[in-house]
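> sequence below, structure please.
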Amino acid sequence: MPAPPWRISEVLERAETGPICTERDFDTKVLFPNLRRVIKGYDIKFDPENIIPSDDSLITDVWEAALELYLNVGTLCVNTHRRILFKENEIKEAMRLSPTEILVGSGKDARKMYHRGIEDKRRPFCLFSPDITYDEELFVPVAMAYLQEPLADGVCAPLLDKINGVNIKAGAPSEIEGSIAHAMMFREAAIRVGRPGIFLQGVGTAETDTAQIAASNPIWGERLSDGRFVPSIAELKIDYSSLNRMVHFHQYGCFVGALFGPFYGGYCGGAEGTAVVSVASHIQALMVNQAHYSNFFPIHLLHTFNTSRELLWVISVTYQALAECTPFISMSNGFAAAGPSTPMVLYEAAAHGLTSTVSGGNLWEMAVARNKHKNRATPLEAKMACEVGCAVADSRIKRNEANEIAKKIISKYEAQLMKAPLGKTFQECYDVSRIKPKEDYVKLYNEIKGELAQLLLS
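This next block holds a predicted model:
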């Protein structure tokens, strides 16, 4: 099966020659009115009692609304103030030729990443990721802690904000130095835990295209079997830096992922608009980001979580639409309000893993403590989300059953979302020298896991 890219030169040309539009006009005169029109036209409505809907007509409507939206709106290149537009037959051609599975990693550590269906009995691809910065001396121990987890099919590294004690500055030589160190230490950590070929997603420390390109090296850095991100700008925008990465990654030959998080409460409006833009963003991921897979995280504009019932509905509806109407491979990235070593964060992880898996998503777990606090994430939050997700697939739970379970889990934490506990740091949760979780967190984990097992089995 052929894979992206879809005519790179054509995409780049349209970024220079498409219809002129300022960013403000794109937001207020192109995106917003077209989004309101398709939501009303397809009568898309959020139901807080159906977090995981079983209404197939709703799913079809969301897909049709998203396709119509993207055909009319396209993607804005913010550097040229030009809209990149596609015809429906071009999108369908690219979709028809897009692979439904890819083999990532290498050797004994290679794993299949694939498109999943609604209520798919296959386990989701599980990518473990702390999604936050750590002190430089913690980088290797934290990376090893995530890499040694048996459920992890792939891992994204912790991030660095200092190298050799010096602050890393985007666009400065320190960024290249820090990004190369990131890639080298991540590779070292994978070798040390006995998984030298595992799929590594990188390089989060590199914010600019030049730093990303600097980390491409098959010996000590990012290999052809690893994944690299081409990020989008919310909503439905891209810039030269991302397009530069896209061209380089494809010419280098590695796997390309798209990274995007539509904002609930911004130009998307409420849950309905966020769901439609989320599906449209996956179309952009194929056509402009030229991605083999996506990392998707709809997120509350003000509070940086996606475990509320509104956003879990967005996640469910989006993945059901992708499962039924596209070949896309996509990973659902969890963002929890609470921090490590709290019951709340484990409930949030469970709700996200359950909702994403039964709806057709793969798992990328998990940003915690609102993704704002250094050193504050551990593998146990990711493990909980992925254990629940795998149990959902193994048990062949149906959407209506999953919805009732999700409501019970959400009821345990939703009153705390705006005042979630910060929890503990990695150093407080793990024995750093032994790279092993401390007994108090293991005990809490097992208690919550037992409680959730009863919910899944009841």
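
> mind checking the end-to-end distance for stretch 157-168?
16 Å (C-alpha to C-alpha, to the nearest Å).

> in that stretch, what's buried?
Ala157, Pro158, Leu159, Leu160, Ile163, Ile168 (16 or more other C-beta atoms under 10 Å). Where you see a C-beta, it was placed from the backbone N, CA and C, and this is true even at glycine.

> ok, stretch 369-385 next?
Buried, per 16+ other C-beta under 10 Å, within stretch 369-385: 369-371, 373-385.

> same deal with stretch 233-243?
The neighbour-count criterion (16+ other C-beta under 10 Å) identifies Ile233, Ala234, Glu235, Leu236, Lys237, Ile238, Asp239, Ser241, Ser242, Leu243 as the buried residues of stretch 233-243.

> hang on, Arg376 packs against Ala369?
Yes - taking C-beta atoms under 8 Å as the contact criterion, Arg376 and Ala369 are neighbours in contact, 4.6 Å apart.

> where do the helices sit along the stretch 151-300 of the chain?
173-192, 209-214, 240-252, 271-287 (DSSP state H, counting those that start in this stretch).

> residues in contact with the residue lying closest to Val203 once chain neighbours are set aside?
Once flanking residues are discounted, Val203 sits nearest to Ala215: 4.6 Å by C-beta to C-beta, 6 or more residues apart in numbering. Residues near Ala215 by C-beta atoms under 8 Å, 6 or more residues apart in numbering: Ser179, Ile180, His182, Ala183, Gly202, Val203, Ala206, Gly221, Glu222.

> count of residues packed around the second one?
Just to be clear, that refers to Ile180. Neighbour count of Ile180, defined by other C-beta atoms under 10 Å: 20.

> in contact with it, which residues?
Ile180 touches Ala214, Ala215, Gly221, counting by C-beta under 8 Å, 6+ apart.

> excluding residues flanking it in the chain, which one is nearest Ile168?
Nearest one to Ile168, counting by C-beta to C-beta, 6+ apart, is Gly178 at 4.2 Å.

> pretty sure that neighbour is touching Gly165, no?
No - when contacts are counted by C-beta under 8 Å, Gly178 is not listed as touching Gly165 (11.4 Å).

> so which of the helices of the stretch 151-300 of the chain is nearest His115?
Closest of the helices of the stretch 151-300 of the chain to His115 is helix 271-287, at 11.4 Å (criterion: C-beta to C-beta).

> taking the helices of the stretch 151-300 of the chain together, which one is wrapped up most tightly?
helix 271-287 (a mean of 27; mean count of other C-beta atoms under 10 Å).

> rewinding a little: which one of the contacts of Ala215 sits closest to Val73?
Ala206 (29.6 Å).

> mind listing the strands for the stretch 101-250 of the chain?
101-104, 111-114, 126-128, 133-134, 154-156, 159-160, 162-163, 166-167, 199-202, 227-231, 237-238 (DSSP state E, counting those that start in this stretch).
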